[in-house]
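[1] After the sequence you'll find the predicted model.
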Amino acid sequence: TKIEVEAGTLEEGLEAAAAGADIVMLDNFEPAALKVAAAQLKRAHPHVLIEASGGITVENLTEFASADVDIISKSYHQGYDVLDFSLKIMPGAK
């Protein structure tokens with residue numbers, strides 16, 4: 001079993017990796033920012049897989065590729081109904 005965490009910032013990605021995530025999905029990053037964040041995550045947590053996601057198409061896929069990105073996800077669901085959900089754990093919540 002692998003744990004994947006979606007991160008919208010480098011700080012969220014570093015927090016997820018430090019907490020034990022196996023895969024950190026860097027979501028909706030611009031290509032240049034993605035490459036910087038992926039490199040910093042790999043330096044700090046070399047065992048973590050880095051996934052690029054959000055706004056990636058066949059036409060711009062190569063802009064997101066780098067040695068530090070292990071997985072690139074293209075949106076296949078555009079034009080179809082989808083279900084999107086998340087689980088938020090609040091410290092101290094009962």
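    The structure has been received and is ready for your questions.

[2] Going by C-alpha atoms from here, please, whenever you check contacts or count neighbours.
    Will do.

[3] For Ser86, give me the pLDDT.
    Per-residue confidence (pLDDT) for Ser86: 76.

[4] Let me see the contact set for it.
    Applying C-alpha atoms under 8 Å, 6 or more residues apart in numbering to Ser86 gives no contacts.

[5] hang on, it in a helix?
    No. Looking at Ser86 with DSSP: H, G, I helix; E, B strand; the rest coil, it is coil, so not inside a helix.

[6] Can you show me the strands along the protein?
    Remark: strands assigned in the chain by DSSP state E are 4-7, 23-27, 49-53, 71-73.

[7] Distance from the first one to the middle of the chain?
    On the basis of C-alpha atoms, centre = their mean, to the nearest Å, strand 4-7 sits 5 Å off its chain's mean C-alpha point.

[8] neighbouring strands for it, and are they parallel or not?
    strand 23-27 (parallel) (DSSP bridges).

[9] Would you mark the buried spots in the strand it pairs with?
    23-27 (16 or more other C-alpha atoms under 10 Å).

[10] just stretch 13-24 next, same as before
    For stretch 13-24, by 16+ other C-alpha under 10 Å, it's 13-17, 21-24.

[11] From Gly8, how far off is Pro31?
    According to C-alpha to C-alpha, to the nearest Å, Pro31 and Gly8 sit 13 Å apart.

[12] more neighbours, those two?
    Shown here are Pro31 and Gly8; by other C-alpha atoms under 10 Å, Pro31 has more neighbours (19 against 13).

[13] Now that one. Nearest residue, chain neighbours left out?
    The spatially closest residue to Pro31, leaving aside those adjacent along the chain, is Phe64, at 5.0 Å (C-alpha to C-alpha, 6 or more residues apart in numbering).

[14] swap in Gly13?
    Leaving out its chain neighbours, Gly13 is closest to Ala7 (C-alpha to C-alpha, 6+ apart), at 5.2 Å.
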